[in-house]
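Student: sequence? don't have it. structure:
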């Protein structure tokens, strides 16, 4: 493969070169082609140097095994008896090992990484929920503390829409400050997640846009709902309370 060629013939064409497992004793095998790297160990690890040898040329006892890969459009398990019968038709003495779909092999290979990713996703969702509830609770409480102030302003002639709009703008401004601090921090920490995913960027644009928008919407609602409630307070009652 390409990794093998890069290691032993860097910058040169390996086709036509010969290699041997027995040092100078041979047999010598001639390289007739170079193929792309295949990730056998894990999807996030580079391909290891590999050689592909015709089975008829494998004269070593420790290389007598063979893996047969069959492509099917249907259920792979349903095809297993047919493949087994075809193999035994060629040689009935061959011992056949386990029949495993590639999807299961891939899932078993990435089981730990998948579990860590799912667990991290659950924690991320919980963090988003807690953050949303926290933003709503803090802003709602802070606006509720200004109920008397809002009532007094209403008694002095302030319009309900202008008072509610000002409170909402202040709440969104606080949320924007939090987003301005949180997004760069999230971008910086996302590189630690690269080992858990493969072929997917950890700096997903949609996520980094959708989550701040969600928090801003929650902040706006958290400020608007109590502000609207406060603007309905009787101004005379607010003045007597003051």
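Tutor: Ah, there it is. Not measured: the values here are computed from a predicted model.

Student: okay, CA-based contacts and neighbour counts for the rest of this
Tutor: OK.

Student: what sits against residue 58?
Tutor: Counting by Cα atoms under 8 Å, 6 or more residues apart in numbering, residue 58 makes contact with residue 64.

Student: at 6 Å what do you get?
Tutor: Taking Cα atoms under 6 Å, 6 or more residues apart in numbering as the contact definition, residue 58 lies against nothing.

Student: Now residue 225. Nearest residue, chain neighbours left out?
Tutor: Of all residues not flanking residue 225 in the chain, residue 140 sits nearest, at 7.7 Å (Cα to Cα, 6 or more residues apart in numbering).

Student: And the one you found, which helix or strand is it part of?
Tutor: Assigned by DSSP states H and E, residue 140 falls within helix 111-144.

Student: one step back: shouldn't the residue nearest to residue 225 be in contact with residue 224?
Tutor: No. Distance between residue 140 and residue 224: 8.5 Å, which falls outside the contact criterion (Cα atoms under 6 Å).

Student: Next, count neighbours for residue 174.
Tutor: Residues near residue 174, counting by other Cα atoms under 10 Å, number 16.

Student: Please report the distance of residue 57 from residue 45.
Tutor: Taking Cα to Cα, to the nearest Å as the measure, residue 57 falls 30 Å from residue 45.

Student: Between those two, point out the one with more neighbours.
Tutor: Using other Cα under 10 Å, the more surrounded residue of residue 57 and residue 45 is residue 45, with 12 against 9.

Student: Find the nearest non-adjacent residue to the more buried one, please.
Tutor: Nearest residue to residue 45 in three dimensions, chain neighbours excluded: residue 39, at 6.7 Å (Cα to Cα, 6+ apart).

Student: Dihedrals phi and psi, that neighbour?
Tutor: Phi and psi for residue 39, reported as degrees, to the nearest 10, are phi -90, psi 90.

Student: Residue 50 is in contact with that one, correct?
Tutor: No. Residue 39 is beyond contact range of residue 50, at 10.5 Å (criterion: Cα under 6 Å).

Student: Cool, thanks, talk later.
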